[in-house]
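[1] pasting the sequence and the predicted model now:
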Amino acid sequence: MSDAKLVFHEDTHGGFHGDGDTLMVFDCSEAGEDFESSLSEWRELPMSDKLYNELSGEDGTELYLCDVFSRHGIYYGGETPKVNSGLYYLNNRHHNAKSRDDENLFDHSVNFTFAVYDRETKKLYYMEVDS
């Protein structure tokens, strides 16, 4: 990530028990040819219907990042495109999660990290949600 340029950062953590959200957007167009290979543990889009619904509250698998951000109260003033080609990462950090990539995100609290790399725009969107 050393060659990626941070173009947006907002962090609302610091509330009750560390609740809050973080969104970072990186421009990876200058990150070099090896950048995508560094994401080897990430999954290829599209994601499952279940995960898309958990993240966005909508049905379907076409990834509209604005739906994901707005569902979690995250405001990003930049363009949030539909991601047609890319990779995603999920880390469900909830204590009841069966695994890192457990798609059951919602319980009495929500704690997960989600990131998407858009191959077309060469942008990486990283978000943390903690409630």
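    Arrived safely. Residues are numbered from 1 along each chain as shown.
[2] name the element Glu54 belongs to?
    Taking DSSP states H and E as the definition, Glu54 sits inside helix 49-56.
[3] where does the protein dip in pLDDT?
    For the chain, residues meeting the criterion pLDDT under 70 lie at 1-2, 13, 15-18, 61, 72, 94-109.
[4] end-to-end on stretch 54-70?
    13 Å (CA to CA, to the nearest Å).
[5] so what's Leu87 up against?
    Glu36, Leu39, Trp42, Arg43, Glu44, Leu45, Val116, Tyr117, Arg119 (CB atoms under 8 Å, 6 or more residues apart in numbering). Where you see a C-beta, it was placed from the backbone N, CA and C, and this is true even at glycine.
[6] any chance of a PyMOL selection covering the buried ones in these?
    Restricted to buried positions by 16 or more other CB atoms under 10 Å, the PyMOL selection for these reads:
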select buried, resi 36+39+42+45+116+117
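[7] need the contacts of Leu87 in JSON lines (columns: secondary structure and distance to Leu87).
    Output for these, formatted as JSON lines (DSSP: H, G, I helix; E, B strand; the rest coil; distance: CB to CB, whole Å):
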{"residue": "Glu36", "secondary structure": "helix", "distance to Leu87": "8"}
{"residue": "Leu39", "secondary structure": "helix", "distance to Leu87": "5"}
{"residue": "Trp42", "secondary structure": "coil", "distance to Leu87": "4"}
{"residue": "Arg43", "secondary structure": "strand", "distance to Leu87": "7"}
{"residue": "Glu44", "secondary structure": "strand", "distance to Leu87": "6"}
{"residue": "Leu45", "secondary structure": "coil", "distance to Leu87": "7"}
{"residue": "Val116", "secondary structure": "strand", "distance to Leu87": "7"}
{"residue": "Tyr117", "secondary structure": "strand", "distance to Leu87": "5"}
{"residue": "Arg119", "secondary structure": "coil", "distance to Leu87": "8"}
